[in-house]
Structure formats: structure tokens, C-alpha cells
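In: next comes the sequence, and after it the predicted model I'd like to discuss.
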Amino acid sequence: MPFPLGGNQMSWTTNLWILPVSLLVAAVAALIAALVPYVWASRRPKSFPPGPKPLPIIGNLNLIPPSKAFTLFHEWTKQYGPIIGLKFGPANVVVLNHWKDVQELLEKRGHIYSSRPANYIANELICKNETHILFAPYGDGWKVLRRAAQGLFTPASLASVLPIQEAEATQTLYDILREPARYYEHIQRYTTAVILASVFGQRGEDFNSPNVQALYDVQNRFTALLEPGAAPPVDGITFLQHIPESLAPWKRRAKEIRRDQRALYFRLLNGTKERMQRGVRTGCFMEKLLDDQAKNGLDEEHTTYLGGILMEAGSDTTSSTLLSFLLALLQNPLALRRAQEDVDRVCGVERSPTMNDLDDLPYIEACMHEILRWRPVAAGGIPHMLTQTDTYKGYIFPAGTIFFANTWAIHHDEDEYDEPAAFNPDRWLGGNKFGTKENISTVLPNEGKQQQQLLQQRKTSYGWGAGRRICSGQKMAEASLKINIAKMVWAFDFAIEGADADARGGRRPDVSVETGYQGGFLVCPKKFPVRIRPRSDKHAAVVRREWEGLRGFYESLAA
Ligand code: HEM
């Protein structure tokens with residue numbers, strides 16, 4: 001039957017030609033119809049904060065680099081001010097670059113600024129059923145997970161983890177003494193081993209241990225898949241979610257990550273369960289979680305994932321920060337000497353620092369604050385989503401707007417900090433609680449009440465996020481950072497590889513966040529050349545002796 005277009009005088013060949021053209025026209029019309037809502041949605045909303053002009057459909061995505069966008073946003077503050085409004089396709093995005101706005105919005109108005117944006121790959125393909133506390137939307141599911149997680153972070157639980165953190169830091173010194181060239185892996189091992197022991201009661205003896213390896217492998221693949229460009233923009237242009245798996249390699253990758261992640265998390269949980277069945281308990285967090293499963297309202301799946309995700313959240317965040325610290329020492333050798341004076345004053349050469357010493361080590365504390373400021377590990381912030389329309393400083397933020405607290409800009413603000421690009425722990429001394437320029441954070445009596453209140457609520461670091469989603473593991477991470485910083489500077493001299501005694505010459509490492517750091521979601525230095533030597537034979541002997549003394553402790557944990 002001829003195609004009824006153009007009358008009966010048309011030949012059959014013309015009809016055959018018209019058929020595909022009309023199909024094409026219909027397809028193009030359907031595509032245009034499908035895209036119209038996206039073109040419409042990529043326009044800037046009314047009274048939105050200033051920002052670059054968006055393009056149809058993609059909005060400002062053409063301007064956003066695949067990683068380290070936080071430095072670009074910081075740069076843009078000169079043009080647009082501290083609150084920047086952007087369009088990521090149809091999504092409204094606001095970047096907050098000043099701590100005061102983070103405090104006013106994410107913190108004070110936390111009841112509406114605490115959800116997470118849709119993340120199809122993380123929430124629907126990899127960690128289904130709201131099992132991932134970091135990605136879960138604000139609501140009952142997240143609240144149950146958060147409440148259960150808090151069990152690990154009560155003062156009593158945190159105190160019970162301190163001996164593990166100290167023991168693992170002692171092993172890290174021993175590992176670095178034996179194999180200084182593998183310093184990077186030894187530090188990565190430390191953070192995973194602490195969570196393996198405190199959460200699962202299991203041992204992460206070496207970076208090559210199967211569980212440590214499996215964690216970093218799955219974690220790296222997971223974060224790589226979430227990087228912009230690794231998959232089509234399925235959260236903005238949602239019909240792309242329906243691409244069949246045979247045409248979507250990213251779906252296959254997600255499936256494989258899910259398979260390997262589940263295998264690891266269930267293997268760990270089963271290991272803990274088997275040990276409990278044999279009547280052996282280490283007091284780890286999973287034991288409590290399994291005992292209280294009914295009370296916590298967590299099923300097997302959510303219990304397993306909570307443990308696994310604590311390991312994810314606590315591993316490369318803390319290790320990347322410690323690695324940045326070593327890099328910083330190469331930029332500022334004076335800070336190393338000052339830190340060594342601090343620990344020597346308290347410990348001498350007979351023993352390395354312990355948890356009990358930390359309150360007497362102000363320079364070590366200053367080093368921790370400074371490294372969190374200089375190289376905040378989640379520098380661009382973890383996105384928060386607004387759940388109802390809000391107004392602020394004359395702007396209107398529609399419900400669903402995504403907020404980033406740009407920690408990089410907050411902590412590199414030249415109005416707040418002297419020479420923000422320099423690693424200088426001294427800025428935190430002399431009672432300077434925020435490491436800021438003189439007097440800038442002082443609460444003045446003649447200041448308005450609201451301003452006074454704001455200054456009183458200021459956080460030392462915004463590197464832990466803000467509001468109801470603030471990092472649950474902050475206290476645990478701080479203890480890890482301080483004990484490792486204290487022990488490492490006590491035991492070793494860190495210098496530029498190939499340099500003379502005054503650290504002149506040699507292979508200068510690249511400290512630039514742009515070029516010396518890996519791409520990706522977390523700010524982690526690339527492996528850098530560093531010469532690590534024990535400060536003396538005596539220091540080396542103490543490191544060996546202290547490690548030997550802890551053998552029994554390590555053996556109490558399952559391999
Ligand atoms: C230097 C180390 C660490 C840094 C800088 C860090 C930073 C952060 C940041 C920025 C967030 C997002 C906060 C927000 O959305 O406002 C976060 C969330 C979280 N962190 Fe950490 N973190 C660290 C270590 C840890 C450790 C050791 C643990 C646990 C063992 C942990 C557990 C969590 C959890 C469970 C969340 C999810 C909170 C939620 O969405 O409700 N973190 N962390």
C-alpha cells in the first residue's frame with residue numbers, strides 16, 4: 001500500500017523515499033518535543049544569584065571542568081561575589097564561598113537544606129534502597145542510618161577506638177621505617193585498618209591484604225564512575241536512564257561495582273558474625289549493631305552497608321589529608337622542625353607520642369587545623385539539596401536547588417587569611433582559634449546581636465561540611481590525624497629527595513592542587529618523591545620496640 005502522502009500520481013520509488021524522510025521528521029519533532037522542557041529548565045530562575053550566562057539545555061556545564069571545579073568557583077567570586085548561581089543542565093546550583101552564608105543556610109536552616117540531589121548511578125544502580133548514608137535523601141531512611149552510625153561516635157565508643165588508632169599508628173611508623181619508599185601505601189593502609197578493626201574487629205595488616213585492596217579497588221572505581229563525563233548526565237536529562245545496558249557501558253560498570261562492593265561488605269560482616277558465633281568478641285561496632293539490629297530498625301542489607309560505608313567514608317579522606325601533610329612539610333621544612341620541638345619537649349627520645357600526650361602538643365594541633373585548611377579533602381563540598389523554596393539576601397532559591405559549600409574558597413579567602421596559599425601552622429597559635437588575620441574573628445561588643453551570634457558559631461574548619469549532614473566521623477578522624485602527625489614527625493625527618501642538609505636542590509615535589517594532585521572527587525596528592533629517614537638510631541630502635549610490644553594487641557583481631 002502506497003504511503004498516503006502527495007496523491008496517487010506519485011511513483012512507488014518516491015513513496016519509498018518519503019517514508020524514511022517522514023520518519024526522520026517525526027523523530028526530530030519527537031526529540032525537539034522531548035528537549036523543550038530541558039531548554040526551558042536550563043534558564044536561570046528569577047532572582048537567582050549572579051553567575052555566568054547558561055546555554056540552552058546544558059546550562060553552564062560547558063564551563064565546568066571535570067575535576068577541581070572548586071578553584072574555578074573561587075576565581076569567579078571576584079566577578080560574581082561569594083554566592084554564585086549556576087545551571088547544571090536543568091538543575092539550579094548555588095555555590096557558597098563564604099563561611100557566613102554556609103552558617104546561615106546549611107547550618108541554621110538545616111531542616112530544609114539537608115537533602116542530597118538525585119544520584120541515579122549511586123542510589124539506583126550501585127547502592128539501592130537508600131543503603132548509602134552519604135547519598136541518601138533527607139528522610140526517615142537516612143535518619144535511621146544516621147542514628148545507628150552515631151553509636152560508633154558516642155564519647156564511650158570513640159574512647160574505645162583510641163587504642164586501635166594508636167596501635168595502628170605505631171605500626172605505620174614501623175612500616176615506614178622498613179619500607180620508606182612505600183610511605184604512600186602505608187598511610188593508606190592505616191586508615192582502612194582502623195575502620196576494619198573498630199567496625200568489624202578485623203585486621204588490615206598490609207596494604208596488600210585482600211580486604212584493604214578490595215576496598216580501595218571498589219572505592220576508586222565507584223568514584224571514577226561518578227566523575228563528570230564518565231557517564232551521560234542521567235540526573236539532569238532523565239530519559240537517558242532508560243538507555244539499554246547493551247548500549248550503556250557505564251551501566252555495566254555500575255553493575256560490576258555493585259557486585260564487588262556487596263561481596264566485600266558481606267564478606268566482612270560474615271567474618272564478624274562467624275567470630276561472634278565462636279564466642280569471640282572484640283567490642284567492635286558491628287557486634288553492637290548486630291546485637292541491636294531490631295532496636296535500630298536496620299535489616300541485614302542496611303546493617304552490612306552501614307559498616308562498609310563507614311569504611312569508605314573514613315579511609316581515603318583521612319589518608320589523603322595525612323599525605324597532604326607530608327607534602328606540606330616539604331614546602332615548609334620549618335614547620336617540621338617546630339613540630340619536632342613540640343613532641344620532643346613532651347616525649348624526649350625514649351618513647352613516641354601517645355594519645356595521652358595530644359592535649360599537650362599545641363603545634364601538632366595547629367598542624368592538623370592548617371592541613372585541613374590548606375588542602376581540604378572534600379574541597380568542593382558534598383552537595384546539599386534544598387527541600388522547599390527559600391529566600392536569602394534578596395535571592396530566591398527554588399525547592400530542589402543544589403548547594404555546594406566551597407571549602408576551598410572559604411579557607412583560601414584572602415580577606416580572612418594571611419597568605420592563604422602558604423602552609424603555615426603558626427597562624428593557629430597564640431589563641432587564634434580560626435587561624436585568621438588578627439582580630440577578624442573577634443566578637444566585638446558594639447557589633448549587632450546577629451553578627452555576634454554568627455561569629456560565636458563560626459567553625460574552625462568547614463572541611464567537615466555543615467548542618468545536619470556534617471561528617472559523623474570528625475572526632476575519630478581528628479584523633480587519627482593528630483596521633484599520626486605527632487608520631488611521624490617524632491620518628492622521621494622528611495626532606496626533598498636528593499636535597500642537601502638545608503633542603504636545597506633535589507627533586508622538588510609539585511604541591512600545586514592543580515597539577516600535583518589527582519583528579520577526582522577527593523583532594524589527594526599524586527605520589528611524590530620524599531626522602532624519609534629516622535631522626536636517629538635511637539628513634540628507630542624505639543619504633544621497633546613499640547611495634548614489638550603491640551604484637552598481642554594486633555593478634556586479638558582476626559586476620
Ligand atoms: C579527614 C577526614 C574526613 C573528612 C575531611 C571528612 C569530611 C566529610 C564531609 C565534608 C562530609 C559531608 C558533610 C556535608 O554534607 O555537609 C562527610 C560526611 C560523612 N563522613 Fe566524613 N570525613 C572524614 C573522615 C570520616 C571518618 C573517619 C568517618 C567514619 C568512620 C566519616 C564518616 C562520614 C559519614 C558517615 C558521612 C555522611 C554523613 C551524612 O550524609 O549524613 N568521615 N565527611
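Out: Looks like it came in fine. These figures come from a predicted structure and were not determined experimentally. Residues are numbered from 1 along each chain as shown.
In: wait, L361 sits on D342?
Out: Yes - look at L361 against D342 with CB atoms under 8 Å: they come within range, at 5.2 Å. The way it works is simple: take the backbone N, C-alpha and C, and place the C-beta from them, glycine included.
In: up against the ligand, what does the stretch 451-559 of the chain have?
Out: For the stretch 451-559 of the chain, the contact set with the ligand under CB under 6 Å from any ligand atom comprises G463, W464, G465, A466, R469, I470, C471, S472, G473, M476, A477.
In: which among the residues you listed count as buried?
Out: Those of these that meet the buried threshold are G463, W464, G465, A466, R469, C471, S472, G473, M476, A477, by 16 or more other CB atoms under 10 Å.
In: among these, which ones are in helices?
Out: M476, A477 (DSSP state H).
In: pull the most distant pair out of the buried ones among the residues of the stretch 451-559 of the chain next to the ligand.
Out: Spatial extent of these (CB to CB) is set by the pair A466 and M476 at 18.4 Å.
In: report the contact partners of V542.
Out: V349, E350, R351, S352, A491 (CB atoms under 8 Å, 6 or more residues apart in numbering).
In: where along the stretch 351-500 of the chain do the helices fall?
Out: Assigned by DSSP state H, counting those that start in this stretch, the stretch 351-500 of the chain shows helices spanning 362-374, 407-411, 449-457, 474-491.
In: out of those helices, which one sits most buried?
Out: helix 407-411 (a mean of 27; mean count of other CB atoms under 10 Å).
In: what is that helix packed up against?
Out: helix 69-80, helix 362-374 (3 or more CB pairs under 8 Å, 6 or more residues apart in numbering; DSSP states H and E).
In: next one: that helix to chain centre, how far?
Out: 14 Å (CA atoms, centre = their mean, to the nearest Å).
In: ditto for stretch 373-380
Out: Worked out by CA atoms, centre = their mean, stretch 373-380 lies 9 Å from the chain centre.
In: tell me how many other residues crowd G110.
Out: For G110, the neighbour count with other CB atoms under 10 Å is 16.
In: quick one, helices of the stretch 151-300 of the chain?
Out: Under DSSP H, counting those that start in this stretch, the stretch 151-300 of the chain gives helices at 155-178, 183-195, 210-226, 249-277, 285-291, 293-296, 300-331.
In: what does the shortest one contact?
Out: Just to be clear, that refers to helix 293-296. Contact with helix 293-296 is made by V144, R147, A148, G151, L289, D299, T303, as judged by CB under 8 Å, 6+ apart.
In: so which of the residues you listed comes closest to L225?
Out: Nearest member of the contacts of helix 293-296 to L225, counting by CB to CB, is T303, at 25.0 Å.
In: mind putting the helices of the stretch 351-500 of the chain in CSV, distance to C524 and mean pLDDT included?
Out: Formatted as CSV, those follow (distance: least, CB to CB, whole Å; pLDDT from 0 to 100):
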stretch, distance to C524, mean pLDDT
helix 362-374, 13, 98
helix 407-411, 14, 98
helix 449-457, 30, 84
helix 474-491, 15, 98
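In: wait, which of the ones you listed is closest to L522?
Out: Comparing those by CB to CB, helix 407-411 comes nearest, at 11.9 Å.
In: anything in that closest one near the ligand?
Out: No - Helix 407-411 does not reach the ligand (CB under 6 Å from any ligand atom); its nearest approach is 7.2 Å.
In: so G520 sits against E227, correct?
Out: Yes - with contact defined as CB under 8 Å, G520 counts as touching E227 (6.1 Å).
In: what is in contact with the two at once?
Out: S67.
In: who has more neighbours out of those two?
Out: Remark: of G520 and E227, G520 carries more neighbours, 16 against 13, as counted by other CB under 10 Å.
In: what parts of the stretch 151-300 of the chain come near the ligand?
Out: I195.
In: and with 8 Å instead?
Out: L152, F153, T191, V194, I195, S198, V199 (CB under 8 Å from any ligand atom).
In: quick one: residues contacting Q453.
Out: Contacts of Q453 (CB under 8 Å, 6+ apart): none.
In: how about the residue nearest to V199 when sequence neighbours are not counted, what does it touch?
Out: Computed as CB to CB, 6 or more residues apart in numbering, the closest residue to V199 that is not its neighbour in sequence is F285, at 4.6 Å. Applying CB under 8 Å, 6+ apart, we find F285 in contact with G151, L152, S157, S198, V199, F200, G307, L310.
In: let's see 7 Å
Out: Taking CB atoms under 7 Å, 6 or more residues apart in numbering, we find F285 in contact with G151, L152, S198, V199.
In: what's the most distant pair in those residues?
Out: Longest span within the contacts of F285, CB to CB: G151 and S198, 11.7 Å.
In: and these two? Which one has more around it.
Out: Per other CB under 10 Å, whichever of G151 and S198 has more neighbours is S198, with 28 against 15.
In: mind checking the end-to-end distance for stretch 320-340?
Out: 22 Å (CA to CA, to the nearest Å).
In: can you point out the buried residues in that stretch?
Out: For stretch 320-340, by 16+ other CB under 10 Å, it's 320-333, 335-336, 338-340.
In: taking the centroid of this structure, which residue is nearest it?
Out: Residue closest to the mean C-alpha point of the chain, counted by CA atoms, centre = their mean, is A378 at 4.2 Å.
In: perfect, I'm done here.
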